[in-house]
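**Q** below are the sequence and a predicted model for it; my questions follow.
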Amino acid sequence: RLDGVTGVQTCALPIFALRQFILVAAPSAAAALIMSASYGEHGMTEALRFNLILFRLDELSYLFGLAFALAALLGGVYSLHKADRLESASALIHGGGAMAAVFAGDLVSFFLAVEIMALFGAGIVLGPRTKESARAAGRYLTVQLLAGGLLAAGVALTAGAERSLDFNTLRWDSWGGGVILLALGIKCAFPGVHFWMKDAYPRASAIGAVFLAPFTTKLAIYGLARAYAGADILIPIGAAMVIFPILYASIENDLRRTLSYSLVNQLGFMVIGIGIGGPAGVGGAVALAFCHVFYKGLLFMGVGAVLERTGTAKASELGGLWRTMPATAIFTMIGAAAISAAPLFSGFIAKSLLLDAATGQALWWVWIVMVIGAAGVLEHAGVKIPFLSFFAKDSG
């Protein structure tokens, strides 16, 4: 029925209450299981003379798995008011696939989980059921399946050369390792293959974008940290990712597209840290990835709330919303301060670790790139988004 006061579509059937319960209970249970599980390799089996490790818990998988479970929980709470079956189911399975991939100890299990993510990620993009979202979902699925095909080829080449499917350190200059790196690069939005993100995220619903942002790209960061820590080739790639989105984010009128470009910028910091390697570089990258799941999610939630309330996320059509949406304005500013690396916020700590890692290796040009990138983030995410949404002149 339609609520006579707000016009919000509601459902009085018990199935809606059950869906709400699952949206919160499933990620909560996953987080509890992760925190209570013991480190080590579990669920080991053999297939075609290869050892498969279905569940591996160590420090790296623990942090990413816990971040994914909490992100799914917060996204579930954010979506409690909506009764869309396709979007809710796709979001839960998409997040579950990310966690399965993180805990996979072999390349085949990792590949299968990644493909599940791709399929149901397209379901999230399709959520609004408009012509634009349908086309975007098709393009998203095409790109993700292309990356999946490359990943499968890389796994086959690695298995043939190494006679092993262990998902650990890989050589980027080998055939198998290079193809897997390319597949992860597509999912991580490397320069030139980043277009799928700015196309898909703004086409999803306000809720769908919240579920898309934490998983696919952070899973790619996990894969890079697991297999390519210390690979020098990642440093210039990450530097390009830090710099090139700044201009696009600054001139973009659609705030969700602005956040998509900003996401590429933040991923660049993580890729640089992984390329530097060592405890400082990888630790800083993982710390930033963990924090980024939450403050970027918070920003997508804030802009999504504006979209739900006003029907637009275009900066030129907003302004003055602090009067009618004060709580949203406050939370958006918190996310903006975190992504801008303001002191006392999580982004400040994580990015400081990466800057220290660069100076520790005497990579001064990388340090300069990251400082410039951080300044760009302050402009488009720290100032532009909260100001034009809530404090600029009211456009009506």
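**A** Yes, it's here.

**Q** and P343, that's in a strand?
**A** No: counting by DSSP: H, G, I helix; E, B strand; the rest coil, P343 is not found in a strand; it is coil.

**Q** residues in contact with the residue nearest in space to the middle of the chain?
**A** For the chain, the residue nearest the mean C-alpha position is P214 (2.9 Å; CA atoms, centre = their mean). P214 makes contact with A67, F68, A71, A72, G75, G95, A98, V293, K296, G297, according to CB atoms under 8 Å, 6 or more residues apart in numbering. For the C-beta atoms, the positions are set from N, CA and C on the backbone; glycine is no exception.

**Q** check contacts around the third one.
**A** Remark: with contacts taken as CB under 8 Å, 6+ apart, A71 is in contact with G95, P214, F215, V293, F294, G297.

**Q** neighbour-wise, which one of those residues leads?
**A** Most neighbours among the contacts of A71, by other CB atoms under 10 Å: F215, with 28 neighbours.

**Q** am I right that it sits in a helix?
**A** Yes: secondary structure of F215 (three-state DSSP): part of a helix.

**Q** give the contact list for it.
**A** F68, A71, H94, G95, G97, A98, M117, G121.

**Q** can you name the two of the contacts of A71 that sit furthest apart?
**A** G95 and F294 (14.3 Å; CB to CB).

**Q** thinking again about what came up before, narrow the contacts of F215 to those in strands?
**A** With strands defined by DSSP state E, no entry of those lies inside them.

**Q** quick one: which of these is nearest V143?
**A** G121 (10.4 Å).

**Q** which residues touch that closest one?
**A** S90, H94, Y140, L141, Q144, L212, F215, T216.

**Q** ditto for W175
**A** Contacts of W175 by CB under 8 Å, 6+ apart are L157, A161.

**Q** then T332?
**A** L298, L299, G302, V303, I385, P386, S389, F390.

**Q** which ones among the contacts of G121 are found in helices?
**A** S90, H94, Y140, L141, Q144, L212, F215, T216 (DSSP state H).

**Q** once you drop chain neighbours, what's closest to the third one?
**A** Same thing as Y140. Residue nearest to Y140 in three dimensions, not counting chain neighbours: A200, with 4.3 Å by CB to CB, 6 or more residues apart in numbering.

**Q** E115 versus the one you found, what's the distance?
**A** Relative to E115, A200 is positioned 17 Å away (CB to CB, to the nearest Å).

**Q** which one's more surrounded, those two?
**A** Taking other CB under 10 Å, A200 and E115 do not tie; A200 has more neighbours (26 against 19).

**Q** which strands or helices does the helix or strand where that one lies pack on?
**A** Taking DSSP states H and E as the definition, A200 sits inside helix 195-200. The contact analysis (3 or more CB pairs under 8 Å, 6 or more residues apart in numbering; DSSP states H and E) places helix 195-200 against helix 131-162, helix 255-276.

**Q** how about it: buried residues?
**A** Neighbour-count burial for helix 195-200, counted by 16 or more other CB atoms under 10 Å, picks out W196, M197, K198, D199, A200.

**Q** now do the closest residue to the residue nearest to the centre of the chain other than its chain neighbours, the pLDDT please.
**A** Leaving aside its sequence neighbours, P214 sits nearest to A71 (CB to CB, 6+ apart; 4.0 Å). On pLDDT, A71 comes in at 96.

**Q** over to the one 3 residues further on?
**A** On pLDDT, L74 comes in at 95.

**Q** over to F55. Which of the three states is it?
**A** Under three-state DSSP, F55 comes out as strand.

**Q** also T45?
**A** Three-state call for T45 (three-state DSSP): strand.

**Q** D173: what secondary structure?
**A** coil.

**Q** quick check: phi and psi at it.
**A** For D173, the backbone dihedrals (degrees, to the nearest 10) come out as phi -90, psi 10.

**Q** show me which helix or strand of this protein is least confident by mean pLDDT.
**A** Within the chain, no helix or strand scores below strand 40-47, which has a mean of 84 by mean pLDDT, DSSP states H and E.

**Q** who does it touch, helix- and strand-wise?
**A** Partner elements for strand 40-47 (3+ CB pairs under 8 Å, 6+ apart): strand 50-57.

**Q** give the buried residues for the strand it packs on.
**A** Using 16+ other CB under 10 Å as the test for burial, strand 50-57 gives L52, I53, L54, F55, R56, L57.
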